[in-house]
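> what would the 3D arrangement of this be:
(one chain, ligands or ions: 1)
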Amino acid sequence: DSGSVTASPRQQDTEYLCPVQIGSPAQTLPLDFDTGSSDLWVFSTDTPRSEVNGQTVYDASSSSSAKRLSGATWKISYGDGSSSSGIVYLDTVTVGGLTVSRQAVEAAKQVSSSFSRDTSSSGLLGLAFSSINTVSPNQQKTFFDNAMPHLDAPLFTADLKHNADGRYNFGYIDKSAYTGSISYTPVDNSQGFWGFTATVDGTDVTGIADTGTTLIYLPDSIVTSYYSQVSGARYDSSNAGYIFPCGSSMPDFSFNVGGGGGGGGTVTVPGSYVNFAPTDQTGQTCFGGLQSDSSIGISIFGDIALKAAFVVFDGGNKQLGWAAK
Ligand SMILES: O[C@H]1CN[C@@H](c2nc(-c3ccc(C(F)(F)F)cc3)no2)C1
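Residues are numbered from 1 along each chain as shown. Take a look at the predicted model:
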């Protein structure tokens, strides 16, 4: 089997949403595919009306294939402090023509305010490892884990783009989607993430590939050194990050992956991607797409990095492949 689904950017590439079919007859919900978490949860008819703000909701009672997972609950929080929790159904889930029957669909009975405000997203589809799925008392598998045995190849690929529709493919590598060769590096999934080591300016950086995080968060030394090349750039505590004049031309940011015998491959993030967004309506000052990881405790290669590459999440061989495009 295989699947292929469009990933559409929202709010200046802040997040990428994919249409997912749930239940019978199919209910299509736009979900945020997140390689940094492992719960598939949705706004639902169980979500208080006061917390629903235009989102499409899942109605298990109108799906003939939905079955309540009796006694199961879930509760999750994300890097930005947002959270959600609820109950669990098993139902048929289809992503880009790839179907998993009896997928755990976690219906929200509560969502935090930032989810309520995010009117374009109906929830998340976790693509990290099932070891960090939050369903209790019996942990559930991710869509990818359930699909893997049926896939032509035990992998999925992420091809996110700046301000344009990208694509997640499941079960195959589309050779027309990248240039040159794919450089592979081992994955450390001991924390449930797609952990890997890259080299930045000769310094090894261990981080995670996280499609659900908008920016890149790296060690202070690397970030400080990058912004030292940009006149007027400074760390601004009120914005809690590096800012600079919006007219600045930003240097490209490169990192090397799979630096073994073959020298590995280099991913180059165009400087224009690092000029992420204005900090206010005047458009004078802009916020950087590369920020320090010191308040996080882990380095994160988020969408700013991922949209500069074609990335293979290889669950069979526990490796990450990176290619230019
Ligand atoms: O936890 C880590 C796992 N991956 C990262 C992630 N963060 C979110 C997220 C999405 C939407 C919102 C909200 F809509 F604004 F509420 C908040 C956070 N999704 O993946 C961080």
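> so who does the residue in the stretch 101-250 of the chain positioned nearest to the ligand touch?
Distances between the stretch 101-250 of the chain and the ligand by Cβ to the nearest ligand atom are smallest at residue 212, namely 2.2 Å. (C-beta placed from N, C-alpha, C; glycine too.) Contact analysis of residue 212 by Cβ atoms under 8 Å, 6 or more residues apart in numbering lists 15, 32-37, 78, 124, 302.
> just the pLDDT for the closest residue to the ligand within the stretch 1-150 of the chain.
Of all residues in the stretch 1-150 of the chain, residue 36 sits closest to the ligand, at 2.8 Å by Cβ to the nearest ligand atom. With respect to pLDDT, residue 36 has a value of 98.
> where do the strands sit along the stretch 51-200 of the chain?
Taking DSSP state E, counting those that start in this stretch as the criterion, the stretch 51-200 of the chain carries its strands at 67-77, 83-95, 98-111, 123-126, 155-161, 164-170, 179-186, 195-200.
> leaving out sequence neighbours, find the closest residue to residue 268.
residue 254 (4.6 Å; Cβ to Cβ, 6 or more residues apart in numbering).
> the helix or strand harbouring that neighbour: partners in the sheet, and parallel or antiparallel?
Element membership for residue 254 (DSSP states H and E) is strand 253-257. Partners of strand 253-257 in the sheet, by DSSP bridges, are strand 195-200 (antiparallel), strand 265-269 (antiparallel).
> buried ones in that strand?
253, 255-257 (16 or more other Cβ atoms under 10 Å).
> by how many degrees do it and strand 179-186 diverge?
Orientation check (axes from the mean of the first three to the mean of the last three Cα atoms, to 10 degrees): strand 253-257 against strand 179-186 gives 60 degrees.
> re earlier: okay if I get the strands of the stretch 51-200 of the chain as TSV plus distance to residue 278, mean neighbour count and mean pLDDT?
Shown next, in TSV, are these (distance: least, Cβ to Cβ, whole Å; neighbours: other Cβ atoms under 10 Å; pLDDT from 0 to 100):
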stretch	distance to residue 278	mean neighbour count	mean pLDDT
strand 67-77	29	15	98
strand 83-95	28	22	99
strand 98-111	28	22	98
strand 123-126	27	28	99
strand 155-161	21	23	99
strand 164-170	21	20	99
strand 179-186	32	16	97
strand 195-200	27	20	98
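> of all those, which lies closest to residue 47?
strand 98-111 (4.8 Å; Cβ to Cβ).
> which bits of the stretch 51-200 of the chain sit near the ligand?
Neighbours of the ligand within the stretch 51-200 of the chain, by Cβ under 6 Å from any ligand atom: 78-80, 82, 114-115, 118, 121, 124.
> can you pick the most crowded of the residues you listed?
residue 115 (26 neighbours; other Cβ atoms under 10 Å).
> all helices for the stretch 151-300 of the chain, in order.
220-227, 271-274 (DSSP state H, counting those that start in this stretch).
> list the buried residues for the last one?
Yep, that's helix 271-274 we're talking about. 271, 273-274.
> pretty sure residue 129 is touching residue 192, no?
Yes - between residue 129 and residue 192 there is a contact under Cβ atoms under 8 Å: 4.6 Å.
> unless I misread the structure, residue 32 falls within a helix.
No - counting by DSSP: H, G, I helix; E, B strand; the rest coil, residue 32 is located in no helix; its state is strand.
> number of nearby residues for it?
If we define neighbours as other Cβ under 10 Å, then residue 32 has 23 of them.
> can you check residue 311 too?
27.
> hang on, it packs against residue 324?
No - counting by Cβ under 8 Å, residue 311 stays clear of residue 324, with 11.1 Å between them.
> who wins for proximity to residue 69 among the strands paired with strand 253-257?
Short answer: strand 195-200, nearest of the strands paired with strand 253-257 by Cβ to Cβ, at 29.4 Å.
> mind listing what residue 207 touches?
195-198, 217-218, 293, 298-301.
> and if we set it to 10 Å?
193-198, 200, 216-219, 255, 293, 296, 298-302, 305 (Cβ atoms under 10 Å, 6 or more residues apart in numbering).
> which one is it nearest to, not counting chain neighbours?
residue 299 (3.1 Å).
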